[in-house]
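> here's a sequence, model it:
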Amino acid sequence: MAFSFFKKNSQATPQVEVRKPARPAGAPSEPSPSAPPASDFGSLAPSSAGLASLDFVSRDPLDGARRSGKGELQVQDVSAGLHPVVEEAAMLFANGDDEAALSALERATFDDLGSSTEQVWAMLFDLCHALGRVEAFEAHALAYAERFERSAPAWPSQPSLSSGGAAPTLTLSGRLTGASRASVDQLRRLCAKLPVVRVDLTRLQGVDDEGASLLLDALTEIRRRGQGVAMLKAEVLRDILAPQVVPGTPEHPALWRLYIEALQQLGDEPNFEEFAIQYAVTFEQSPPSWDARWVASTLLPAESGTPHNERASMIALCGEVVGARQDAFSALQSSDLPQGVVKVDCSALCRMDFISAGLLFNVITAMQATGRQPRLIDVRPMVAALLLLLGVAAVAEIQQRRF
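Purely as a prediction, here's the structure:
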């Protein structure tokens, strides 16, 4: 079985293939232990017998990678030991079919899962948590404890997709244009599940009228539902738009409104009021009204100030990474990254689809060529299963979230 992420063209672009050996006809299934290994639900590590536990870390991320004479990267498929239900649930979840993934995992817990027992149960607990299903989580925890005669995981302290915990972060990079619709739609999806979402504007380089209208429409819809968007580094947006906001020149009304939005996010009420009046005079329209509820520091009171933990200095993958383009992983492609191990915080990574995971694979192999080795930290089990399926554990260290 082969997954080919990109077609080979006339350029010298490496072709990445992940090959999975088929089980011989009539071969016996994997033996089933009477109980799962006595290890915590943690990080994942491939072994010769499949994934013996969920404490798996790819100890040698380059193990199995070979370069042929043609310069193509051949990667042995470390997902060969994955149970079929792991593959099925991972793909269903990646495609947004949460209920089908949950049903598949629940049915599987009645079967003998062999060395994949811990992995399937961890995915089940993770998905119940992601969907905010507290009662289902506790029911499965009770069944786990009775069946294996050991303590079951407790409801995690990390926020679920439907809870009001720490806000995930969506990064907008490059230029915000009409082509940014996928990113703005992703913001809508995140806000449909969470009361507050952060939008990091640090890498924003420009905005045009269509891109401004897209973001403004999304903000209006989100706020109408009583949810909020907190812009991090809103001063970047303010400084980008300032030269195009010319009082008395009735051009670029969407850029004007987005500029005024940046002032509100920054809590700069005096300048907000001044430019609101200028907007009314310039365009002969009612201006936006100040609303302190939407100031970023008000939306994120517990997160203001300078973080003091190590996680704050990591690169982060956040939210739902779906339909990814090359710039979705721009932070991993920066020339400013140090050599050696590069830690990537995945604690707020809610979901990744098949295409995006394939793109991540290619980005990681390109990083390795520059002497950098990613270490994916705190990856939720449902996402980790997809990364295993596509062979990402062959080129990057994956540390799965512990329950």
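> shaky segments in the stretch 101-250 of the chain?
Where the stretch 101-250 of the chain drops to pLDDT under 70, the residues are 157-167.
> so where do the strands sit in it?
Secondary structure of the stretch 101-250 of the chain (DSSP state E, counting those that start in this stretch): strands at 169-171, 174-176, 196-200, 204-207, 228-232.
> would a markdown table of the ones you listed with mean neighbour count and distance to S115 be doable?
Backbone N, C-alpha and C define where each C-beta goes, glycine included. Listed next are those as a markdown table, based on neighbours: other C-beta atoms under 10 Å; distance: least, C-beta to C-beta, whole Å:
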| stretch | mean neighbour count | distance to S115 |
| --- | --- | --- |
| strand 169-171 | 21 | 36 |
| strand 174-176 | 18 | 44 |
| strand 196-200 | 23 | 38 |
| strand 204-207 | 17 | 46 |
| strand 228-232 | 22 | 43 |
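> any idea which of these gets closest to L389?
Ranking the strands of the stretch 101-250 of the chain by distance to L389, with C-beta to C-beta as the measure, places strand 169-171 first at 24.9 Å.
> redo the strands of the stretch 101-250 of the chain as JSON lines? Include distance to D268.
Formatted as JSON lines, the strands of the stretch 101-250 of the chain follow (distance: least, C-beta to C-beta, whole Å):
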{"stretch": "strand 169-171", "distance to D268": "22"}
{"stretch": "strand 174-176", "distance to D268": "21"}
{"stretch": "strand 196-200", "distance to D268": "18"}
{"stretch": "strand 204-207", "distance to D268": "18"}
{"stretch": "strand 228-232", "distance to D268": "13"}
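> show me which strand runs longest in the chain.
strand 372-379 (DSSP state E).
> roughly how far is that strand from the heart of the chain?
Strand 372-379 sits 13 Å away from the centroid of its parent chain (C-alpha atoms, centre = their mean, to the nearest Å).
> quick one: contacts of whichever helix or strand comes after that strand?
Scanning forward in sequence from strand 372-379 by DSSP states H and E, the next helix or strand is helix 381-389. Helix 381-389 has contacts (C-beta atoms under 8 Å, 6 or more residues apart in numbering) with 41, 44, 46, 51, 54, 78-79, 82, 86-87, 89-91, 93-94, 101, 119, 122-123, 125-127, 130, 346, 349-352, 354, 357, 360, 376, 379, 393, 398, 400-401.
> just the angle between the longest strand of the chain and helix 381-389, please?
Computed by axes from the mean of the first three to the mean of the last three C-alpha atoms, to 10 degrees, the angle separating strand 372-379 from helix 381-389 equals 140 degrees.
> and strand 372-379, which strands flank it?
strand 340-345 (parallel), strand 397-400 (parallel) (DSSP bridges).
> can you give me the mean pLDDT across that strand?
The average pLDDT for strand 372-379 rounds to 91.
> can I get that strand as CSV, trimmed to CA atoms?
C-alpha atoms of strand 372-379 as CSV (Å, rounded to 0.1, in the frame of the first residue of the first chain):
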residue,chain,number,x,y,z
ARG,A,372,17.1,20.5,12.2
GLN,A,373,15.2,17.7,13.8
PRO,A,374,11.6,18.3,14.9
ARG,A,375,10.2,16.9,18.1
LEU,A,376,6.4,17.0,18.3
ILE,A,377,5.4,17.6,21.9
ASP,A,378,2.0,16.7,23.6
VAL,A,379,0.3,15.3,20.5
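> got the domain ranges for this protein?
Under the assignment automatic domain parsing, the domains of the chain span 32-167+310-403, 170-299.
> distance between the ends of the last one?
What that stands for is domain 170-299. 15 Å (C-alpha to C-alpha, to the nearest Å).
> make residue 1 into 16 and carry on from there
In the new numbering, first residue 16, that becomes domain 185-314.
> any idea how far that domain is from the chain center?
Taking mean C-alpha positions (C-alpha atoms, centre = their mean), domain 185-314 and its chain are 23 Å apart.
> contact partners for the residue positioned nearest the centre of the chain?
Closest residue to the average C-alpha location of the chain: L364 at 3.0 Å, with C-alpha atoms, centre = their mean. For L364, the contacting residues are L332, C333, G334, V336, V394, R395, V398, by C-beta under 8 Å, 6+ apart.
> residue contacts, the second one?
With contacts taken as C-beta under 8 Å, 6+ apart, C333 has the following neighbours: P183, T184, L185, T186, A363, L364, C365.
> same deal with the third one?
With contacts defined as C-beta under 8 Å, 6+ apart, the neighbours of G334 are P183, T184, L185, Q201, L205, V212, A363, L364, C365.
> so what's the closest residue in space to the fifth one that isn't next to it in sequence up against?
Looking back up the chat, that one is L205. Closest residue in space to L205, ignoring its immediate chain neighbours: V212 at 4.7 Å, by C-beta to C-beta, 6 or more residues apart in numbering. V212 makes contacts with A182, P183, T184, L185, L202, L205, C206, Q242, G243, V244, A245, G334, as judged by C-beta under 8 Å, 6+ apart.
> and those residues, which is closest to A158?
Closest to A158, out of all of those and judged by C-beta to C-beta, is P183, at 30.3 Å.
> how much space between the closest one and G221?
Taking C-beta to C-beta, to the nearest Å as the measure, P183 falls 25 Å from G221.
> about what we covered before: of the contacts of G334, closest to E288?
The closest of the contacts of G334, once distances to E288 are taken by C-beta to C-beta, is V212, at 26.8 Å.
> okay, and the beta partners of that closest one?
With DSSP bridges as the rule, V212 is bridged to V244.
> distance-wise, check it relative to L185.
Counting by C-beta to C-beta - V212 and L185 are separated by 6 Å.
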